[in-house]
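**Student:** Show me how the following folds:
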Amino acid sequence: MTVPVTTRPVPILMYHAVAHSPARATHALSVSPEAFAEQMELLGASGFTPVTSERLAQAWRGGPELPPDPVLITFDDGYEGVHRHALPVLDRRGFAATLFASTGWLRGRYETDGALDLMLDWGQVRELAASGVEIGGHSHTHPQLDQLADERLRFEVVRCRDIIAAELGRPPVSFAYPYGYSDRRVRQVVREAGFGVSLAVGNALADRRQGPYALRRVTVARTTRIEEFERLVHGRAVGRAFARDRALTKGYALVRRSRQLLGKVR
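**Tutor:** Predicted coordinates:
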């Protein structure tokens, strides 16, 4: 029995920096330009069709059908190498992608401290958008949203939304949680801010049953070799590949929850 395209799990790839020599803070979660090009070549040769986060959300809400083998290519934070190295590859192949921007980290009038490497400026963001890259939100200053008080949480989400809307002339419809962390309160604020879909990490394929505000992604890192990448996009041995990361994530979730409760007591 053939599983309908709209109900099949979908690989959502999570990238960060694309650079030859990234900063130390971003090295582990970066990929080289050569590795990125090789991975995109594999997607094309394997028959995958990249779609945006918005397109996936529309299909899973009863909109137009997804292509037979959809995949999402997403970039977090807003590193300059996405424009310098990734965009030419995406353009050459006609691939859609989504960039989740931390608006306070981008170079320009809204810039704050905290950026880990060379970031995009708003001219480059507009060029990405004009090339068909969806621009989504990723908070303003990239904090752990589930650790924030209500007022600060709303500021981070709404400020990010408003800046992107002002710069691009259209409010963003997708959001990615910094560090992948969220809870019911965070997801509610993101929803109330008008975002129609939001992505976590989870290191698993995205499934419609996860709900539109907790879709999982697969991390692509400096150590991801092409053989492992092929297994991941086909959904093979994903759990085994990230077993250690999941164990650490569960342990840290307890730590973060304890911090939340302690903050409330104080």
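
**Student:** For the rest of this, base every contact and every neighbour count on C-alpha atoms.
**Tutor:** Fine.

**Student:** So for the one helix or strand Glu228 maps to, what gets flagged as buried?
**Tutor:** Counting by DSSP states H and E, the element that carries Glu228 is helix 226-233. For helix 226-233, a neighbour-count test (16 or more other CA atoms under 10 Å) marks 229-230, 232-233 as buried.

**Student:** ditto for stretch 65-73
**Tutor:** Buried, per 16+ other CA under 10 Å, within stretch 65-73: 66, 69-73.

**Student:** Could I get the average pLDDT for the lengthiest strand in the chain?
**Tutor:** Scanning the chain for the strand with the most residues, using DSSP state E, yields strand 70-77. When pLDDT is averaged over strand 70-77, the result is 98.

**Student:** May I have the helix holding Glu228 as CSV, with CA atoms only?
**Tutor:** This file holds the C-alpha atoms of helix 226-233, laid out as CSV (Å, rounded to 0.1, in the frame of the first residue of the first chain):
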residue,chain,number,x,y,z
ILE,A,226,28.4,12.1,2.5
GLU,A,227,27.6,8.4,3.3
GLU,A,228,25.9,9.4,6.6
PHE,A,229,24.1,12.3,4.9
GLU,A,230,22.6,9.9,2.4
ARG,A,231,21.3,7.7,5.1
LEU,A,232,19.9,10.6,7.0
VAL,A,233,17.9,12.1,4.2
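
**Student:** contacting residues around that helix?
**Tutor:** Applying CA atoms under 8 Å, 6 or more residues apart in numbering, the contact partners of helix 226-233 are 11, 13, 35, 38-39, 42, 71, 218, 220, 237-238.

**Student:** any weak-confidence spans in the chain?
**Tutor:** 1-6, 237-266 (pLDDT under 70).

**Student:** so what's the residue nearest to Leu215 when sequence neighbours are not counted up against?
**Tutor:** Beyond its immediate neighbours in the sequence, the residue positioned closest to Leu215 (CA to CA, 6 or more residues apart in numbering) is Leu199, lying 4.7 Å away. Neighbour list for Leu199: 174-177, 180, 213-217 [criterion: CA under 8 Å, 6+ apart].

**Student:** Just to be sure, Leu199 is in a strand?
**Tutor:** Yes: counting by DSSP: H, G, I helix; E, B strand; the rest coil, Leu199 falls inside a strand.

**Student:** returning to what we had before: any idea of the angle the helix holding Glu228 forms with strand 70-77?
**Tutor:** Angle, helix 226-233 to strand 70-77, by axes from the mean of the first three to the mean of the last three CA atoms, to 10 degrees: 110 degrees.

**Student:** Pull up the gap between the closest residue in space to Pro50 that isn't next to it in sequence and Glu127, please.
**Tutor:** Excluding its sequence neighbours, the residue lying closest to Pro50 (CA to CA, 6+ apart) is Val71, at 4.7 Å. According to CA to CA, to the nearest Å, Val71 and Glu127 sit 22 Å apart.

**Student:** doesn't Pro67 make contact with Gly47?
**Tutor:** No: in this structure, Gly47 is not within contact of Pro67 by CA atoms under 8 Å, at 10.2 Å.

**Student:** picking that back up, can you tell me which of the buried residues of stretch 65-73 lies nearest to Ala19?
**Tutor:** For the buried residues of stretch 65-73, the residue nearest Ala19 by CA to CA is Ile73; the value is 16.6 Å.

**Student:** For the host helix or strand of Gln58, name the packing helices and strands.
**Tutor:** Applying DSSP H and E as the criterion places Gln58 in helix 53-60. Contact partners of helix 53-60 among helices and strands, from 3 or more CA pairs under 8 Å, 6 or more residues apart in numbering; DSSP states H and E: strand 197-202.

**Student:** continuing past the strand it packs on, what's the next helix or strand?
**Tutor:** Using DSSP H and E, the next helix or strand after strand 197-202 towards the C-terminus is strand 215-219.

**Student:** partner strands of that following strand, parallel or antiparallel?
**Tutor:** If you go by DSSP bridges, strand 215-219 pairs up with strand 12-15 (parallel), strand 197-202 (parallel).

**Student:** who touches it?
**Tutor:** The contact list for strand 215-219 (CA under 8 Å, 6+ apart) reads 11-15, 198-208, 210, 232.
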